[in-house]
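In: starting from these lines, generate the structure:
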Amino acid sequence: MEIIREPKVTLLARQQFLGHPDIDWESDSDIDPQQLVEFAGRLCYMSFGQDAQILGGHKTIPGRTTNKQYIANLLQVKHGSVLEHAVFTFLFEGISRALTHELVRHRAGFGFSQLSQRFVDESNIAFVLPPEIAEGTPAFDIWREGCESSLQYYRKLLEQVTEQVADEPNATLRRKRARQAARAVLPNSAETKIVVTANARAWRHFIELRGSAAADAEIRKLAIAVLHVLQREAPEIFGDFKIESHEDGTETASTPHSKV
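Out: Numbers count the residues shown, from 1 in each chain. Predicted coordinates:
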């Protein structure tokens, strides 16, 4: 039986900022999500500079000079709506079904596409070890025995139900019917994969909530891993988060700009 101990986080996609051909303005940042957020914020107040030519005759004004200053002010005054224009897509692997049950509760600003246990044969599925269970302990032995047992019952159930639906002429439907029945005995530790798209404001909320000490230990690991990536990708949008390491080896994340 394969045991997975750490989540795998892969950034699949991020936006490209194309700019506006008729507005004479450039950000001092070369990071696309940060340029887009700055542009959206400046549009609200027409702070592209006094000489900018804007369709409709709107009067433009000077604004804060740097992208860093501009986004810092957005966070300070909680003008979070402009963060919703910047979008990031991740693939999460090596996570449990228990984790995704919590993850998909984040609805606003999120999109999900998860591995289907109806279409995918889980006869050789891996299991994710909960962080609270230490290897070499009685608790670990109990957990492993439970996972191994569930996998054996999955295989047996899959075989039996496949025989029961043998008269179904559609091969795809036969497989789906058998797998959707057999998956009922798989535990929450079963490994899964999911593609997640969310805007920067939604990611900030996810990290603030799931990166805290009060969060489930497994999803907290995931939130910290996501934060590491996003701080590299858009440091001005996510750089206010601080990661703290604790004596027990765990990490938590916090920000002075809550609920932006």
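In: so where's the protein uncertain?
Out: Scanning the chain for pLDDT under 70 picks out the ranges 50-53, 55-59, 61.
In: how near is the most centrally placed residue in the chain to residue 138?
Out: The centre of the chain sits closest to residue 196, judged by CA atoms, centre = their mean, with a distance of 5.3 Å. Noted for residue 196: a distance of 35 Å to residue 138, by CB to CB, to the nearest Å. Yep, even glycine has a C-beta here, placed from its N, CA and C like the rest.
In: also residue 20?
Out: Going from residue 20 to residue 138 by CB to CB gives 64 Å.
In: could you do residue 60 as well?
Out: From residue 60 to residue 138 the distance is 69 Å (CB to CB).
In: of the two, which one has the most company?
Out: residue 60 (19 against 8; other CB atoms under 10 Å).
In: what about the helices in the chain?
Out: Taking DSSP state H, the helices of the chain run over residues 32-45, 67-76, 97-103, 138-164, 171-182, 200-210, 217-233, 235-238.
In: can you redo the ones you listed as TSV with distance to residue 114?
Out: Output for the helices of the chain, formatted as TSV (distance: least, CB to CB, whole Å):
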stretch	distance to residue 114
helix 32-45	25
helix 67-76	31
helix 97-103	6
helix 138-164	18
helix 171-182	15
helix 200-210	16
helix 217-233	14
helix 235-238	25
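In: of all those, which one is nearest residue 1?
Out: Proximity to residue 1, assessed across these by CB to CB, is greatest for helix 138-164 (5.4 Å).
In: ok and that closest one relative to helix 171-182, angle-wise?
Out: 140 degrees (axes from the mean of the first three to the mean of the last three CA atoms, to 10 degrees).
In: and helix 138-164, which residues are buried?
Out: 143-144, 147, 150-151, 154-155, 157-158, 161-162 (16 or more other CB atoms under 10 Å).
In: which one of the residues you listed sits closest to residue 94?
Out: residue 147 (14.9 Å).
In: does residue 87 touch residue 15 like I think?
Out: Yes: contact status for residue 87 versus residue 15: in contact at 5.6 Å, counting by CB atoms under 8 Å.
In: what is in contact with these two at once?
Out: Contact with both residue 87 and residue 15 is made by residues residue 33, according to CB atoms under 8 Å, 6 or more residues apart in numbering.
In: rewinding a little: among the helices of the chain, which comes closest to residue 119?
Out: helix 171-182 (6.6 Å).
In: how far off centre is the closest one?
Out: 30 Å (CA atoms, centre = their mean, to the nearest Å).
In: ok, now stretch 187-195?
Out: Worked out by CA atoms, centre = their mean, stretch 187-195 lies 14 Å from the chain centre.
In: same check, this time on stretch 241-251
Out: Counting by CA atoms, centre = their mean, stretch 241-251 is centred 20 Å from the centre of its parent chain.
In: and stretch 198-210, by the same measure?
Out: On CA atoms, centre = their mean, the centre of stretch 198-210 falls 8 Å from that of its chain.
In: and stretch 102-112, by the same measure?
Out: For stretch 102-112, the distance to the chain centre is 9 Å (CA atoms, centre = their mean).
In: how far does that stretch stretch from start to finish?
Out: Across its full length, stretch 102-112 reaches 12 Å end to end, with CA to CA, to the nearest Å as the criterion.
In: with stretch 20-32 instead?
Out: Start-to-end span of stretch 20-32 (CA to CA) is 13 Å.
In: again, but for stretch 205-220
Out: 13 Å.
In: quick check: domain ranges of this protein?
Out: 15-83, 87-114+192-254, 130-189 (the TED database).
In: if we can go back for a sec, for residue 11, find the nearest of the helices of the chain.
Out: Minimum separation from residue 11 across those (CB to CB) falls at helix 217-233, 5.4 Å.
In: buried ones in that closest one?
Out: 218-227, 229-231, 233.
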